[in-house]
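Asks: Could you look at this predicted model? Sequence included:
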Amino acid sequence: MNRAELLACPECDLLQSDSAVPRPRKARCARCGATLYQRHEQGLNRSLALTTAALVLLALANAFPVLSLELQGERTDATLAGAVAALWSQNMQLVAALVLFTAIIMPLAELAALAWLLVPLRFGVRAPRFGAVFRLLQFAKRWGMVEVLVLGTIVSFVKLGHLASVQAGIALWSFAALMLVMAAIEANFDPGELWAKAGA
Amino acid sequence: MSASAASLGLLACHTCHLVSRAPGPGGALCPRCGSRLHFRKPGSIGRTWALLIAAMALYVPANTLPIMLTRSLFGSQDDTIISGVLFLWGDGSWYLALIVFVASILVPLAKIIGLVVLLLSVQLGADWRPDQRARLYRLIESVGRWSMLDIFVVALLVTVVQLTALASVRAGPAALAFGAVVVLTMAAARSFDPRLIWDPAKEPRERSIPA
């Protein structure tokens, strides 16, 4: 039996052969409708290009303030790291850790894992610890919450609006762009193609 | 062919979805990505219940205790999640009030109820509308993350306002409870194995072949 041609639906475990599934851009399970895979021309190359862009945006998003508040000539900038520090100093270490984890560490881990897997593969080399880094990638995707952070910033913006003059910082735009780029990576990245290229 | 991989002694990797032949007792690692292989997630139902009950218990303080404490020259104000929603509503930002209401109140509650329904239906061996229940599970998994919204809002408000002379904003105890609810419900959804929904389902009825 050729194992590579067998697909088991990750959500309902229905076994189906890949040849029975037509090869459009996206294949769905015949029974429960879960996405089995999505395939693209140049999917990995596009993912790699987008990952590079996303890493630059992530650096900007963390270096600059998300919001700035001006009150009687006094200006306060809120960076993401500043928010973590503020929560920490208020005896909310667990909440601070949650923000640090979901807004900074996991997005960085996702992009770093993608770069780790895709850059050597571009030159036909399988990166060391390929499987472990792939597992990290799947985990980081679940816990990275850039898009939620963007919405949270917009809500904060409105809540502060009545209090003083609020300005959106460079990081807000960077995070918004990062959100779109990461969605584009998600749409282009096909683990099936990754494993095929890696020779497993 | 209409059979689950497990019924044929095949396992699909939870992480990379590679189908491989069942190893001997004691389990094995996925030959491709190295994840531990299981036919079904081990202890799925018990673990999901445990996480879910913890989330239910914390849902109460998350909604009744203040999430944000504001102190200013003009007095002090303690905001719960609900009063934050009402503030946005009264402020004329009804669309944001709606978003926060959905993300902070409706989504966690719907997740808890939805997972209870899924757990009970699996434990009772129901074969009722597995396609609808599978869709419910997918919905629960995909919307869960949006509940983090209020945590990010509190984090940013606390940071921006804490240093000004006129007012100070501190995170309230509900922030901790609410953060825990989000993490616990996400972990609960993750530990539930949606394949259990389909295990009692009868094979799709095929047209009988005329003799």
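Replies: Right, received. Where do you want to start?

Asks: ranges for the helices of chain B?
Replies: For chain B, applying DSSP state H gives helices covering B:44-64, B:81-90, B:94-101, B:107-123, B:130-143, B:149-161, B:173-191, B:195-198.

Asks: ditto for chain A
Replies: Under DSSP H, chain A gives helices at A:43-63, A:80-89, A:93-99, A:106-122, A:130-143, A:146-161, A:170-188, A:191-197.

Asks: Buried ones in the first one, by neighbour count?
Replies: Think helix A:43-63. A:43-44, A:46-55, A:57-58, A:60-62 (16 or more other CB atoms under 10 Å in any protein chain shown). Bear in mind the C-beta positions are built from the backbone N, C-alpha and C, glycine included.

Asks: Quick one: mean pLDDT over that helix.
Replies: In this model, helix A:43-63 carries a mean pLDDT of 95.

Asks: Need the contact partners of that helix.
Replies: The contact list for helix A:43-63 (CB atoms under 8 Å, 6 or more residues apart in numbering or on different chains) reads A:40, A:79-81, A:104, A:107-108, A:111, A:114-115, A:118-119, A:121-122, A:170-171, A:174-175, A:177-178, A:181-182, A:184-185, A:188-190, A:193-194, A:197.

Asks: Would you mind giving the domain segments of chain A?
Replies: For chain A, automatic domain parsing gives the domain ranges A:1-39, A:42-197.

Asks: is any part of the first one close to chain B?
Replies: Yes: on the criterion CB under 8 Å from any CB of the partner chain, domain A:1-39 is in touch with chain B at A:3, A:6-17, A:31-34.

Asks: How many residues are close by B:Ser7?
Replies: Here the number of neighbours of B:Ser7 (other CB atoms under 10 Å in any protein chain shown) works out to 12.

Asks: Actually, B:Glu141.
Replies: With other CB under 10 Å as criterion, B:Glu141 counts 17.

Asks: Excluding chain neighbours, what is closest to it?
Replies: Spatially, and ignoring its direct neighbours in sequence, B:Glu141 is nearest to B:Ala189 (5.1 Å; CB to CB, 6 or more residues apart in numbering or on different chains).

Asks: what's near enough to touch the one you found?
Replies: B:111, B:115, B:137, B:140-141, B:144 are the contacts of B:Ala189 under CB under 8 Å, 6+ apart.

Asks: which of those lies closest to B:Leu18?
Replies: Of all those, B:Glu141 has the smallest distance to B:Leu18: 21.2 Å, by CB to CB.

Asks: got a list of what residue 176 touches?
Replies: Picking chain A for this. By CB under 8 Å, 6+ apart, the residues touching A:Ala176 are A:Val150.

Asks: Actually, chain B is the one I wanted.
Replies: Contact analysis of B:Leu176 by CB under 8 Å, 6+ apart lists A:92, A:94-95.

Asks: Domain-wise, how is chain B divided?
Replies: Listed domain ranges for chain B are B:1-39, B:43-198 (source: automatic domain parsing).

Asks: Buried deepest among these, which one?
Replies: domain B:43-198 (a mean of 19; mean count of other CB atoms under 10 Å in any protein chain shown).

Asks: Need the distance between the two termini of that domain.
Replies: 17 Å (CA to CA, to the nearest Å).

Asks: likewise stretch B:83-98?
Replies: Stretch B:83-98 has its terminal residues 13 Å apart, counting by CA to CA.

Asks: can you list the residues that contact it?
Replies: For stretch B:83-98, the external contacting residues (CB under 8 Å, 6+ apart) are A:154-155, A:158-159, A:162, B:67-68, B:79, B:100-101, B:104-105, B:150, B:153.

Asks: Just the buried subset of the contacts of B:Leu176, please.
Replies: The buried subset of these - by 16+ other CB under 10 Å - is A:92, A:95.

Asks: and B:Arg36, which of the helices of chain A is closest to it?
Replies: In terms of CB to CB, the element of these nearest to B:Arg36 is helix A:130-143, at 10.2 Å.

Asks: Could you list the buried residues of that closest one?
Replies: Judged by neighbour count (16+ other CB under 10 Å), helix A:130-143 contains these buried residues: A:130-131, A:133-138, A:140-141, A:143.

Asks: For residue 160, list the residues it contacts.
Replies: Assuming you mean chain A. Contacts of A:Leu160 by CB under 8 Å, 6+ apart are A:67, A:69, A:166, B:157, B:160-161.

Asks: Can you look at chain B instead?
Replies: Residues in contact with B:Val160 (CB under 8 Å, 6+ apart) are A:67-69, A:76, A:78, A:156, A:160, A:166.

Asks: out of these, what pair is the most spread apart?
Replies: For the contacts of B:Val160, the maximum inter-member distance is 12.7 Å, found between A:Thr76 and A:Ser156 (CB to CB).

Asks: When the two are compared, which one has more neighbours?
Replies: Taking other CB under 10 Å, A:Thr76 and A:Ser156 do not tie; A:Ser156 has more neighbours (26 against 18).

Asks: roughly how far apart are the residue lying closest to B:Thr64 once chain neighbours are set aside and chain A?
Replies: Excluding its sequence neighbours, the residue lying closest to B:Thr64 (CB to CB, 6+ apart) is B:Thr80, at 6.8 Å. According to CB to the nearest CB, to the nearest Å, B:Thr80 and chain A sit 14 Å apart.

Asks: Return the helix or strand in chain A with minimum mean pLDDT.
Replies: Among the helical and strand segments of chain A, the one scoring lowest on mean pLDDT, DSSP states H and E is strand A:26-28, with a mean of 82.

Asks: Poorly predicted segments of chain A, please.
Replies: Scanning chain A for pLDDT under 70 picks out A:1-5, A:19-24, A:200.

Asks: Looking at it, which residue is nearest chain B?
Replies: A:Gly152 (3.0 Å; CB to the nearest CB).

Asks: thinking that residue is in contact with B:Arg145, fair?
Replies: No: the criterion here is CB atoms under 8 Å, and A:Gly152 misses it with B:Arg145 at 11.6 Å.

Asks: For A:Leu149, which residues are in contact?
Replies: Neighbouring residues of A:Leu149 by CB under 8 Å, 6+ apart: A:80, A:102-103, A:175, B:148, B:152.

Asks: Ignore what I typed, I meant A:Trp195.
Replies: Per CB under 8 Å, 6+ apart, neighbours of A:Trp195: B:16, B:18, B:32.

Asks: quick one, what contacts the closest residue to the second one other than its chain neighbours?
Replies: Going back to what we said before, that points to B:Leu18. Closest residue to B:Leu18 apart from its sequence neighbours, by CB to CB, 6+ apart: B:Arg32 at 4.5 Å. Applying CB under 8 Å, 6+ apart, we find B:Arg32 in contact with A:131, A:195, A:200, B:13, B:16, B:18.
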